[in-house]
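Enquirer: Make a model of this:
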Amino acid sequence: MHTDAPTTTQVPVGLLTCQHTPYLRQFNTTVLSCSKKPNKQKLYEVQLQDTILFPEGGGQPCDYGTINESIEVKNVQRVGTSHIHHTTTPIEEGIEARLEVDWKRRFDHMQQHSGQHLVSALFEQPEYGCDTLAWGMNATRCHVELSKSPTPEQVQEVEDRLNLYIRRNYPIHVTFTDERPATLPNDYVGPNGVFRIVEIMQDLDAIAAEEDPLNLIPKEKGGLVRLDYNPCCGTHVKSLKDLQCIKLLHQEKIRGNNSRLYFVVGQRALDLLQETYQVIKDLAPVLSAPGGPETYVDKVIKTQKAGRDAVKQVKNLLKEVAAYQVRDWVAELKEKNPITTLEDGKSTASAPYLIKYHRDDVDMDFLGVITALLTDNDVIQGQRIFMLSAGEKKEGGPMIIIGQSDEAIKKIATEVSKLIDIKGGGKGRWQGKAKSWQGLDSAWLAAEALVHA
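Expert: Residues are numbered from 1 along each chain as shown. You can find the predicted model right below:
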């Protein structure tokens with residue numbers, strides 16, 4: 001009589017070792033299958049019987065780790081209640097696999113995820129009425145999307161309560177229910193027909209001991225009461241002390257009245273403090289503010305004012321420079337290109353004339369001042385053409401070609417565009433922006449040739 005050997009099946013998501021024993025860092029299991037070829041990400045897809053590497057889900061990123069020390073696990077995904085490990089090299093089916101989790105990454109995710117449950121639980125209290133609609137975690141920050149924006153005072157009050165609960169070290173329990181929560185993904189079916197629930201318990205005895213350390217007041221009620229009760233597949237700390245601390249950051253308005261509130265938990269809060277401290281320390285010599293952070297705001301305000309005053313002074317000086325330049329052109333034109341007034345009252349230059357001008361250290365505003373002064377001094381007459389440009393040679397900048405003859409301006413602009421990388425347009429006043437001033441000298445020569453053709 002022949003008997004088939006029993007088939008080894010995967011432990012389903014919801015009952016994984018990483019979920020019920022999240023502090024376990026090393027674990028032995030069996031390789032059930034491995035893809036023959038790598039996928040589009042050049043990774044092999046491996047099915048293990050059980051795992052301590054969490055598959056991405058519930059807003060929590062997947063764990064990283066190794067198999068048999070040398071094989072890297074770069075991704076872990078859930079497919080229904082199955083779990084797929086994406087590895088850098090193939091693994092022989094049927095062998096024992098020794099898993100090791102990237103503990104720094106795992107514990108960080110545990111802190112952030114458990115912290116999110118606590119943040120959401122408090123904001124959902126009746127006195128705040130901010131329901132959590134979604135949440136997210138990236139490499140440095142987490143956020144919850146709330147149904148409305150709490151006031152700054154409420155945010156501070158919640159933060160104080162969060163850290164008070166952490167000091168009281170309330171426990172976190174994992175339990176199960178046979179009632180399917182409405183928030184679960186459609187492709188997730190609970191293993192054995194039950195669904196995983198994470199609950200944070202409020203310790204009334206801890207509160208009483210804090211408020212009445214000598215135990216002089218009779219207590220009506222003690223023990224644990226539920227503070228948070230939500231379906232979750234993630235890995236969580238065993239009690240709130242492992243969160244260390246929670247810092248609520250800023251809010252952003254999104255989708256109507258919703259608010260995205262950012263926060264950091266545990267080591268991320270300490271890292272942010274260190275980063276902020278280092279920035280503050282580095283700013284002291286930059287701002288010339290040896291008095292420390294207390295003097296930074298005043299110093300920045302004074303520096304900004306000094307900068308605005310300097311810009312205003314430079315603009316006034318450039319206006320004077322522009323006025324002197326136009327005055328020189330007026331004298332030059334009076335001598336070399338005088339205007340002849342005909343009997344019909346129309347003015348015309350005695351001959352075509354081109355004025356070329358470029359300055360490296362100015363911008364479009366300066367050219368605008370010059371063209372306004374040219375108009376005010378009534379020198380744009382006859383066949384005179386003004387070809388003005390600004391900006392450093394490598395960076396380019398604005399150009400204005402102005403005169404009375406649209407036809408002459410168009411011809412010059414067309415030729416200039418062949419010699420300089422510039423785009424522009426206009427009638428009576430052609431205006432463009434060059435990517436660099438390479439070829440400007442050649443453009444000037446071409447313009448001279450066209451004007452005197």
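Enquirer: any low-confidence regions in this structure?
Expert: Applying pLDDT under 70 to the chain picks out residues 1-7, 187-194, 217-221, 342-350.
Enquirer: mind checking the longest helix of it?
Expert: Counting by DSSP state H, the longest helix found in the chain is helix 296-336.
Enquirer: Now do the helix or strand just after that one: which elements does it pack against?
Expert: As assigned by DSSP states H and E, the chain's next helix or strand after helix 296-336 is strand 339-341. When contacts are defined as 3 or more C-beta pairs under 8 Å, 6 or more residues apart in numbering; DSSP states H and E, strand 339-341 packs onto strand 347-349. Just so you know, the C-beta spots here come from the backbone N, C-alpha and C atoms, and that holds for glycine as well.
Enquirer: Give me the contact list for whichever helix or strand comes after the strand it packs on.
Expert: Counting by DSSP H and E, the next helix or strand C-terminal to strand 347-349 is strand 353-359. With contacts defined as C-beta atoms under 8 Å, 6 or more residues apart in numbering, strand 353-359 is touched by 325, 329, 332-333, 336-337, 366, 370, 382-390, 437, 440, 444, 447-448, 451-452.
Enquirer: What pairs with strand 353-359, parallel or antiparallel?
Expert: Strand 353-359 sits in its sheet next to strand 384-390 (parallel), going by DSSP bridges.
Enquirer: Between strand 384-390 and the helix or strand following the strand it pairs with, find me the angle.
Expert: Where DSSP H and E defines the elements, the next helix or strand beyond strand 384-390 is strand 397-403. Calculated by axes from the mean of the first three to the mean of the last three C-alpha atoms, to 10 degrees, strand 397-403 forms an angle of 170 degrees with strand 384-390.
Enquirer: From the chain's centroid, how far away is the helix or strand just after strand 397-403?
Expert: Next along the chain after strand 397-403, taking DSSP H and E as the criterion, comes helix 406-419. Centroid separation for helix 406-419 versus its chain: 44 Å, with C-alpha atoms, centre = their mean, to the nearest Å.
Enquirer: again with stretch 251-265
Expert: Centroid separation for stretch 251-265 versus its chain: 14 Å, with C-alpha atoms, centre = their mean.
Enquirer: mind listing what's buried in it?
Expert: By 16 or more other C-beta atoms under 10 Å, the buried positions in stretch 251-265 come out as Q251, N258, S259, R260, L261, Y262, F263, V264, V265.
Enquirer: I200 - nearest residue in space that isn't next to it in sequence?
Expert: With C-beta to C-beta, 6 or more residues apart in numbering as the criterion, I200 has its nearest non-adjacent residue at 4.0 Å, and that residue is D228.
Enquirer: ranges for the helices of this structure?
Expert: So, for the chain - with DSSP H - the helices run 17-20, 103-123, 152-168, 204-211, 267-287, 296-336, 364-376, 406-419, 440-451.
Enquirer: List the buried residues in the shortest one.
Expert: Along helix 17-20, these residues count as buried under the neighbour rule (16+ other C-beta under 10 Å): T17, C18, Q19.
Enquirer: that older thread, compute the inter-axis angle for the longest helix of the chain and strand 353-359.
Expert: Going by the same axes, to 10 degrees, helix 296-336 makes 160 degrees with strand 353-359.
Enquirer: Work out the gap between helix 296-336 and the centre of the chain.
Expert: Worked out by C-alpha atoms, centre = their mean, helix 296-336 lies 37 Å from the chain centre.
Enquirer: do stretch 386-398 as well
Expert: That offset, for stretch 386-398, works out to 35 Å (C-alpha atoms, centre = their mean).
Enquirer: Now do the end-to-end distance for it.
Expert: Stretch 386-398 has an end-to-end distance of 14 Å (criterion: C-alpha to C-alpha, to the nearest Å).
Enquirer: And stretch 429-445, by the same measure?
Expert: 20 Å.
Enquirer: Need the residues that contact it.
Expert: Against stretch 429-445 from outside (C-beta under 8 Å, 6+ apart): 356, 358, 371, 387, 389, 391-402, 409-410, 412-413, 415-417, 419-425.
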